[in-house]
Structures are given as structure tokens and as C-alpha cells.
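**Student:** A structural model of the following input is requested.
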Amino acid sequence: MNDRIRVRFAPSPTGALHLGGVRTALFNYLFAKHHGGDFLLRVEDTDQNRFVPGAEEYIVEALKWCGLTVDEGVGVGGPHAPYRQSERKELYDHHARELLATGHAYLAFDSADDLNQRRAAAEADGKTFTYGADNRATMKNSLTLPPDEVKKLVDAGAPRVIRFKMPENEELILQDIIRGEVRFNTALLDDKVLFKADGMPTYHLANVVDDHLMAISHVIRGEEWLTSLPLHALLYRAFGWEMPSFAHLPLILKPVGNGKLSKRDGNKMGFPVFPLEFTDPDTGEKWRGYREDGYLPDAFINMLALLGWNPGTEQEIFSLAELAEQFSLERVNKSGARFSPDKAKWFNHKYLQERPDADLAADLALLLQRDGIQRDAPTLEKICRLLKERANFVADIRDASQYFFRAPETYDDKSRKKCWRPETPALIADLARLLEGITPFTAAATETAVRQWATDRETGLGKIMNPFRLAVIGLADGPHLFEIIEILGKTETLTRLDTAINRLQVEN
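**Tutor:** Numbers count the residues shown, from 1 in each chain. Sure thing, here's the model as predicted:
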């Protein structure tokens with residue numbers, strides 16, 4: 001194996017890409033970039049029964065949105081093409097035959113009924129049926145049948161699978177970058193199927209063959225694949241190949257309770273678990289996505305990076321380049337990482353504050369257009385600058401900014417009862433006359449004038465500002481009022497004051 005760092009993200013196109021899958025892709029990407037290596041995308045589509053149309057395109061689009069550029073693989077090409085396992089069947093067939101020839105694998109002709117009967121018998125005895133060293137000599141396979149009978153069955157096209165011949169009682173001592181030494185006894189392992197009756201390889205064979213032929217140096221994958229490590233190690237040994245280094249990432253856990261985070265948890269608790277929105281083509285069920293929920297890709301990636309990895313410092317905000325610079329597998333935790341929807345929002349808030357107002361305004365314009373609202377870019381930039389401090393998402397700015405586009409039709413009742421007195425209409429009318437004479441109508445000019453006016457008439461500023469705000473936006477609180485009326489403009493501000501005088505007099 002060459003010295004160049006080469007890693008791969010190898011999802012199956014069986015549905016939307018889960019949060020945990022994106023993190024696996026991210027950690028592979030960061031490891032490759034930290035070492036100046038290659039990040040490959042390989043699609044493992046050997047399980048045709050679970051194939052979901054559109055899933056591969058979804059995966060490619062999700063990685064692109066996350067900013068994880070693929071150096072080699074599906075959608076990019078490269079020297080080891082094709083990168084879809086369904087297009088590499090001849091390679092797997094060749095290597096499976098090699099294992100048969102060297103005695104590391106065998107043909108098994110057991111029917112589904114045969115296996116079900118064995119399974120039922122084992123369960124009746126309170127045991128779990130496994131096909132392995134302790135019973136393969138009693139099964140219908142090329143280890144027990146005469147060679148001529150095996151040939152007849154093969155020539156007749158009898159249904160069969162290829163199974164790996166697991167060593168009977170061997171202690172395997174393997175190394176994992178994250179977990180250290182891990183041990184397995186082959187007596188507890190079954191003879192896994194390498195080639196299915198439908199003529200397609202299983203994940204185990206295809207994965208090992210592809211990783212070797214694509215010169216993968218490090219296999220970084222989820223914890224759920226740790227139990228496959230002994231089989232994969234034995235396959236490398238059977239082929240006489242150097243084994244890559246392995247690292248098994250911790251699970252992403254539910255926000256509350258026990259267990260792995262699932263897509264159902266997201267629906268139940270009100271947050272997405274997929275990077276992009278996904279509609280199941282079979283059921284029509286729609287799943288929320290981080291992109292469609294208004295998350296910024298940089299915030300999403302930053303949040304994911306800290307699920308199971310830490311830099312060893314107090315720093316929490318990282319660009320993708322900074323993550324790559326600091327990332328190491330040695331600082332990945334062994335234990336599961338608990339997902340926090342609130343922390344995800346916190347990251348988005350932080351990134352939203354740093355996003356240029358012009359970009360926020362462009363995003364806001366798109367949301368407003370859906371409501372039939374159009375405003376010029378400079379106005380929207382001012383609104384974003386004023387409202388973004390309290391926002392986690394651009395949609396929050398849209399929701400909080402409605403009074404800029406529509407005069408209030410109702411007024412906060414609690415505030416009205418508290419600040420709108422019998423003398424208030426006359427006070428607001430005097431304020432309107434003052435504002436009418438101010439030019440230019442800027443926040444600085446109006447604030448200076450109103451404060452001086454309040455001082456001159458010896459009226460507490462609160463007696464003016466509270467009904468002033470209520471009249472202009474219909475609410476008891478919000479951002480700096482003089483900034484608001486600058487954006488609204490003099491004519492609209494005066495119209496709203498006049499409307500409030502008439503309406504609130506009637507309501508009182």
C-alpha cells in the first residue's frame with residue numbers, strides 16, 4: 001500500500017443520508033485534508049432490494065451543500081472507476097472464485113426452508129442458529145457434498161451462495177485507532193455470505209475488494225461496523241493483502257433517553273436528522289432537512305464536527321479549513337455523542353451574526369417573495385442588520401420584520417392597557433407634528449429631536465416611547481425604535497401614528 005492517505009465515504013443508496021452518515025463523510029474528509037490526501041465517494045449499491053431511486057443523487061447533492069468536495073469517485077470519476085459497486089460485479093466474482101480456490105470460502109446450497117427449519121429447531125432449544133464452524137459439516141455445501149454432486153448442482157444452476165470459511169477457534173487481536181486493541185474469537189463468528197444467490201456480492205466482499213483496489217489507507221466508519229472488523233481482517237489475510245488502518249466512530253445519541261439518534265426522533269422532537277429535505281418515493285412521506293429549515297451549511301458542519309471530536313481547547317467556532325487543520329482521529333471519543341437541537345440552533349445563530357447583511361438580505365428577499373412582498377435590497381439589508389441579533393434563522397428575521405411591510409391591524413393588549421392613557425392621543429399628535437418637521441428623517445436626527453422635545457416639556461421618555469412604539473409596530477418591544485422609523489420613512493410613520501390615535505381612542 002502506498003504512503004498517500006486515501007479515505008472513502010461509501011454510503012448505500014437506500015434512502016436519505018442520516019446525520020451520522022454526514023458526520024462519517026465529514027471525518028473522512030477532514031482526515032484526508034489534514035494529511036493532504038484524497039477523499040473518495042463510492043456508492044455501495046449491491047443490495048438491490050433496498051435500493052431507493054434518487055438516493056444517490058441526494059447523497060451527491062448533500063455532500064455538495066456541506067462543502068465536502070470529492071476528489072475521486074461518483075460524479076467526479078478517477079483512475080479506479082467505476083465507483084458504483086453494481087458496475088464492478090466481475091471484479092467481485094473473480095475474487096470470490098479466488099477464495100473458493102484457496103479454500104477460504106465454499107459453496108452453500110441450503111434452501112431457505114432448510115435454514116428456517118434449522119433456525120426453528122435452535123430456537124426450540126433456546127439457542128440462536130448460526131451457520132459456522134460448529135455445524136457447517138452437517139449442512140448442504142461443497143465441504144460436505146461429493147465434488148461430482150457439487151458440479152452437477154452448479155451446472156444445473158442450483159441456487160447457491162458463497163460463504164467465508166471462518167477459522168474454528170482463533171483469537172484475533174486487532175487495532176482500532178480510536179478504541180485501541182480489540183479482540184475477537186472466531187468460534188463466536190458465523191460463516192458470512194460473500195456472494196448472494198442473486199449473483200450480487202454482499203457488503204463484506206465488495207467493501208474489502210474495493211478498498212484494496214482503490215488503495216484506501218484508512219477505513220473510517222461508524223461503530224456499528226466494528227463487529228464486521230474480524231471478517232474483513234480475515235478477508236485481507238486470505239487474499240494476502242495489507243490491511244488498511246481502521247477507526248470506528250462513536251454513535252450519535254438521542255437528545256434524551258438511550259440509544260442511537262433515529263429519523264423518528266427528529267419527527268417526534270421537532271428537528272431534522274437529514275441534511276436536505278427528502279421525500280420517500282414509495283410512501284410519499286416527507287422528512288425535514290437542515291438546508292430547508294434554514295441552517296447555514298458552515299454552521300451545520302461545525303456542529304457535526306464537535307459531535308464526538310474535540311480540539312482539546314475551548315474553541316467552538318471553526319471554519320472547514322480550520323477543522324481540517326486541527327482534526328485528528330486520536331481526539332475522537334470512544335463513547336457516544338449526544339445530539340442537542342438547541343446547540344445546533346446556537347451554532348446557526350453564531351454563523352448568522354457573521355453572515356454579510358447583503359447575503360442575509362438576498363435570502364430574506366426569497367422568503368418574502370413567497371408572501372408576495374418585495375422590497376429593495378438596501379432596505380432589506382437595514383432590516384437584517386437591525387433584527388439579526390435575536391435571530392437563529394433568516395426565517396426568524398422574516399417573522400420579526402412583518403411590521404416593516406404591513407401596518408399593525410391589532411395592538412398588543414397588555415401594552416395598550418399599560419401605556420395608552422386618556423392624554424396619550426394628544427401627546428402622540430404633538431409627537432407627529434414634531435416628526436413631520438425633521439429632515440433628514442434618520443434615526444440619529446429623530447432620536448435627538450424627540451429626546452430634546454421630551455426634556456423641554458418635562459415629560460418622561462417612557463410616557464412617550466411606549467405608546468410611540470405601540471402605535472408604530474403594534475408591539476410592546478422590539479429593536480431600536482428610531483432605527484425602525486428610519487426604515488419605514490416619514491410618511492409611513494406619520495400615517496401609523498394617525499391610525500393609532502383614531503383606533504386606540506375607539507378601543508378605549
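
**Student:** ok, which stretches of the stretch 351-500 of the chain are strands?
**Tutor:** Taking DSSP state E, counting those that start in this stretch, the stretch 351-500 of the chain contains no strands at all.

**Student:** where's the nearest residue to Glu492 once chain neighbours are set aside relative to Gln369, distance?
**Tutor:** In space, Glu492 comes closest to Ala407 once its chain neighbours are excluded; the distance is 7.5 Å by CB to CB, 6 or more residues apart in numbering. Quick note: C-beta positions are derived from backbone N, CA and C, even for glycine. Per CB to CB, to the nearest Å, Ala407 is found 20 Å from Gln369.

**Student:** circling back to that earlier point, and for the residue nearest to Glu492, the neighbour number?
**Tutor:** Other residues within reach of Ala407, judged by other CB atoms under 10 Å, total 15.

**Student:** same check, this time on Gly132
**Tutor:** Around Gly132 there are 20 residues (other CB under 10 Å).

**Student:** Could you find the closest non-adjacent residue to it?
**Tutor:** In space, Gly132 is closest to Asp190, 4.3 Å off (CB to CB, 6+ apart).

**Student:** Secondary structure class of the one you found, three-state.
**Tutor:** Under the three-state scheme (DSSP: H, G, I helix; E, B strand; the rest coil), Asp190 adopts coil.

**Student:** Give me the number of neighbouring residues for it.
**Tutor:** That count, for Asp190 with other CB under 10 Å as the rule, works out to 19.

**Student:** what does Leu143 give?
**Tutor:** The burial count for Leu143: 16, using other CB under 10 Å.

**Student:** For the nearest residue to Glu330 once chain neighbours are set aside, give me its contacts.
**Tutor:** Leaving aside its sequence neighbours, Glu330 sits nearest to Ile177 (CB to CB, 6+ apart; 7.1 Å). With contact set as CB atoms under 8 Å, 6 or more residues apart in numbering, Ile177 has these partners: 218, 245-247, 329-330.

**Student:** Show the buried residues in those residues.
**Tutor:** Among these, those scoring as buried are 218, 245-247, 329 (criterion: 16 or more other CB atoms under 10 Å).

**Student:** Among these, name the ones in strands.
**Tutor:** Residues of these located in strands (DSSP state E): 218, 245-247.

**Student:** Farthest-apart pair in the buried ones among the contacts of Ile177, please.
**Tutor:** Phe246 and Leu329 (10.2 Å; CB to CB).

**Student:** Tell me the residues that contact both of those two, please.
**Tutor:** Shared contacts of Phe246 and Leu329, counting by CB under 8 Å, 6+ apart, come down to 177, 218.

**Student:** Can you read off the pLDDT for Asn508?
**Tutor:** Per-residue pLDDT puts Asn508 at 46.

**Student:** Model confidence for Pro378, exactly?
**Tutor:** In this model, Pro378 carries a pLDDT of 97.

**Student:** follow-up on the earlier one: between the buried ones among the contacts of Ile177, which is nearest Ala120?
**Tutor:** Nearest to Ala120 out of these is Phe246 (CB to CB; 36.4 Å).

**Student:** Which residues are in contact with Leu63?
**Tutor:** 9, 25, 41, 70.

**Student:** So which of the residues you listed are in strands?
**Tutor:** Using DSSP E, the contacts of Leu63 in strands are 9, 41.

**Student:** Redo the contacts of Leu63 as TSV? Include neighbour count and distance to Lys388.
**Tutor:** Listed next are the contacts of Leu63 as TSV, based on neighbours: other CB atoms under 10 Å; distance: CB to CB, whole Å:
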residue	neighbour count	distance to Lys388
Phe9	26	34
Ala25	27	30
Leu41	24	35
Val70	23	33
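
**Student:** And the protein, what are its domain boundaries?
**Tutor:** The chain breaks down into these domains under automatic domain parsing: 1-74+250-354, 90-195, 355-406, 408-508.

**Student:** if I look at Gln117, how far off is Lys140?
**Tutor:** Using CB to CB, we find Gln117 at a distance of 12 Å from Lys140.

**Student:** Settle it for me: which of the two has more neighbours?
**Tutor:** Using other CB under 10 Å, the more surrounded residue of Gln117 and Lys140 is Lys140, with 18 against 13.

**Student:** distance of the more buried one from Leu304?
**Tutor:** The gap separating Lys140 from Leu304 is 48 Å, by CB to CB.

**Student:** Can you add pLDDT and give the ones in strands among the buried ones among the contacts of Ile177 back as a markdown table?
**Tutor:** Formatted as a markdown table, those follow (pLDDT from 0 to 100):
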| residue | pLDDT |
| --- | --- |
| His218 | 98 |
| Ser245 | 98 |
| Phe246 | 98 |
| Ala247 | 98 |
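
**Student:** With distance to Pro79 added, can I get these in JSON lines?
**Tutor:** What follows is those, written out as JSON lines (distance: CB to CB, whole Å):
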{"residue": "His218", "distance to Pro79": "19"}
{"residue": "Ser245", "distance to Pro79": "22"}
{"residue": "Phe246", "distance to Pro79": "24"}
{"residue": "Ala247", "distance to Pro79": "25"}
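
**Student:** Now do the same for the closest residue in space to Leu488 that isn't next to it in sequence: its pLDDT.
**Tutor:** Counting by CB to CB, 6+ apart, Leu488 lies nearest to Phe404, which is 6.7 Å off, once chain neighbours are set aside. pLDDT, Phe404: 97.
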